[in-house]
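Enquirer: coords below, sequence missing:
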């Protein structure tokens with residue numbers, strides 16, 4: 001067995017139990033926010049277990065403040081990003097390159113990968129848990145037409161939520177965009193629900209996560225320790241064993257509340273400004289979803305106008321891309337976020353750094369966006385984000401393939 005080559009990282013606890021590789025994210029005071037050492041430890045462990053014939057499957061969970069579960073992962077370490085950019089530390093570049101490569105590894109993992117998405121599951125936590133559960137650009141296989149060990153004919157990932165799951169892609173809150181493959185997996189949510197999630201940064205529960213196909217099954221949170229133990233005790237991880245294990249713990253999820261028909265109708269326009277106008281019409285008509293439309297309008301009018309338009313274009317383009325291509329595009333975008341060269345804005349002058357300052361560092365919640373309104377965003381401002389800073393042969397993720 002090659003598990004002697006597993007990394008040592010106090011923030012990522014690794015254990016082999018029988019033929020199961022077990023991962024516990026162990027940074028509970030930060031809600032298991034990802035650091036660069038954590039990304040590197042996860043990557044090394046997954047590669048070792050991928051190549052070890054004695055390991056049949058991998059499971060991942062988060063450590064809560066009172067023990068395992070209660071929090072999965074709140075995303076990347078935003079304070080680190082802010083500090084690293086201000087001091088010109090190249091590690092921030094390494095973080096995004098290596099995190100996106102880790103996301104790609106998980107999506108293409110050849111063995112069953114079971115994510116216990118209990119508690120907070122946001123941003124980078126979504127990148128650790130979405131896996132390869134969405135098989136095709138249109139995600140044509142719905143829950144009534146699934147056949148693999150986790151229900152999907154081509155999926156090797158099981159995404160477990162609980163009634164206390166709090167899921168979000170909150171990047172637009174801080175003037176960023178939904179990365180870690182978000183431009184790919186959010187584009188494959190039904191009825192433009194992924195676009196709503198990305199643009200608003202709203203938090204959803206288990207029912208809406210299942211409705212948006214961002215989760216596969218709901219477990220009772222109180223039985224997660226037992227589910228983890230019995231999973232580790234499986235003698236084999238074939239289809240029958242995994243389906244039987246899943247069935248033993250599955251419970252009904254809380255009801256979905258997101259009005260997907262209204263989402264699809266209002267999020268159909270090609271720009272965020274057009275979406276805002278559609279939402280305004282929804283409010284004016286007072287046709288049953290006006291409260292939802294008003295709340296959505298408030299969120300969209302709060303976030304960076306420029307990065308909202310960038311986010312929408314990313315997801316629309318991601319719908320027609322393979323994952324590797326989309327992750328390369330995300331790597332381009334994140335470079336522009338912290339060095340917006342085509343607009344002459346760098347480091348603290350960028351919308352991303354201003355958003356982090358206002359919501360995480362100073363916490364005054366009064367970011368000064370440039371431009372300040374959606375009406376001022378031009379197509380040229382958006383287009384510059386989609387020009388790669390690197391030629392293809394020098395791109396930091398050039399080696400990724402699907």
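Expert: Received it, and whenever you're ready, just let me know what you need. Computed from a prediction, not measured in an experiment: that's the story for all the values here.
Enquirer: does residue 62 sit in a helix, a strand or a coil?
Expert: For residue 62, the assignment made with DSSP: H, G, I helix; E, B strand; the rest coil gives strand.
Enquirer: was I right about it contacting residue 68?
Expert: Yes. Using CB atoms under 8 Å, residue 62 is in contact with residue 68, at 7.5 Å. In short, each C-beta sits where N, CA and C put it, glycine included.
Enquirer: so what's in contact with the two at the same time?
Expert: Overlap of the contact sets of residue 62 and residue 68 (by CB atoms under 8 Å, 6 or more residues apart in numbering) consists of residue 24.
Enquirer: so the two - more neighbours on which side?
Expert: residue 62 (28 against 19; other CB atoms under 10 Å).
Enquirer: where does this structure dip in pLDDT?
Expert: 1-4, 132-155 (pLDDT under 70).
Enquirer: name the residue most distant from the centre of it?
Expert: Centroid-distance maximum for the chain: residue 285 at 34.0 Å, with CA atoms, centre = their mean.
Enquirer: next one: phi and psi at it?
Expert: Note on residue 285: backbone dihedrals following degrees, to the nearest 10 are phi -80, psi -20.
Enquirer: relative to residue 266, how far out is it?
Expert: Counting by CB to CB, to the nearest Å, the separation of residue 285 from residue 266 is 11 Å.
Enquirer: before we move on, what about residue 388?
Expert: 32 Å.
Enquirer: which one of these two is surrounded by more residues?
Expert: residue 266 (25 against 15).
Enquirer: distance of that one from residue 229?
Expert: Distance from residue 266 to residue 229, by CB to CB: 45 Å.
Enquirer: same thing with residue 347?
Expert: 48 Å.
Enquirer: between the two, who's got more neighbours?
Expert: Taking neighbours as other CB under 10 Å, residue 347 and residue 229 compare with residue 347 leading, 15 against 10.
Enquirer: the more buried one contacts residue 84, doesn't it?
Expert: No. With contacts counted by CB under 8 Å, residue 347 stays clear of residue 84, the gap being 10.3 Å.
Enquirer: what's the domain layout of this structure?
Expert: Listed domain ranges for the chain are 1-165+205-258, 259-402 (source: automatic domain parsing).
Enquirer: deepest-packed of those, please.
Expert: Ranked by mean neighbour count, the domains of the chain are led by domain 1-165+205-258 with a mean of 19 (mean count of other CB atoms under 10 Å).
Enquirer: what's across from residue 21 in the sheet?
Expert: When bridges are taken as DSSP bridges, the partners of residue 21 come out as residue 16, residue 58.
Enquirer: relative to residue 105, how far out is it?
Expert: 13 Å.
Enquirer: residue 29 against residue 66, yeah?
Expert: No. Taking contacts as CB under 8 Å, residue 29 lies outside contact range of residue 66: 12.0 Å.
Enquirer: where exactly do the helices run in the stretch 101-250 of the chain?
Expert: 124-129, 182-185, 193-200, 206-211, 224-232, 239-249 (DSSP state H, counting those that start in this stretch).
Enquirer: may I see these organised as JSON lines, with distance to residue 172 added?
Expert: Below are the helices of the stretch 101-250 of the chain laid out as JSON lines (distance: least, CB to CB, whole Å):
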{"stretch": "helix 124-129", "distance to residue 172": "14"}
{"stretch": "helix 182-185", "distance to residue 172": "10"}
{"stretch": "helix 193-200", "distance to residue 172": "6"}
{"stretch": "helix 206-211", "distance to residue 172": "18"}
{"stretch": "helix 224-232", "distance to residue 172": "31"}
{"stretch": "helix 239-249", "distance to residue 172": "34"}
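Enquirer: select, out of these, the one closest to residue 334.
Expert: Ranking those by proximity to residue 334 (CB to CB) places helix 182-185 first, at 11.3 Å.
Enquirer: show me where the stretch 201-350 of the chain has strands.
Expert: Chain-ordered strands for the stretch 201-350 of the chain, with DSSP state E, counting those that start in this stretch as the definition, fall at 217-218, 339-340, 345-346.
Enquirer: can you list those strands in CSV and add distance to residue 74?
Expert: Converted to CSV, the strands of the stretch 201-350 of the chain look like this (distance: least, CB to CB, whole Å):
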stretch, distance to residue 74
strand 217-218, 21
strand 339-340, 25
strand 345-346, 27
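Enquirer: now for residue 18: which residues touch it?
Expert: For residue 18, counting by CB under 8 Å, 6+ apart, the contacting residues are 232-235.
Enquirer: not counting sequence-adjacent ones, nearest residue to residue 376?
Expert: Among residues not flanking residue 376 along the chain, residue 305 sits closest, at 6.9 Å (CB to CB, 6 or more residues apart in numbering).
Enquirer: was I right about the one you found contacting residue 271?
Expert: No. The pair residue 305 and residue 271 does not pass the contact test of CB under 8 Å, sitting 10.6 Å apart.
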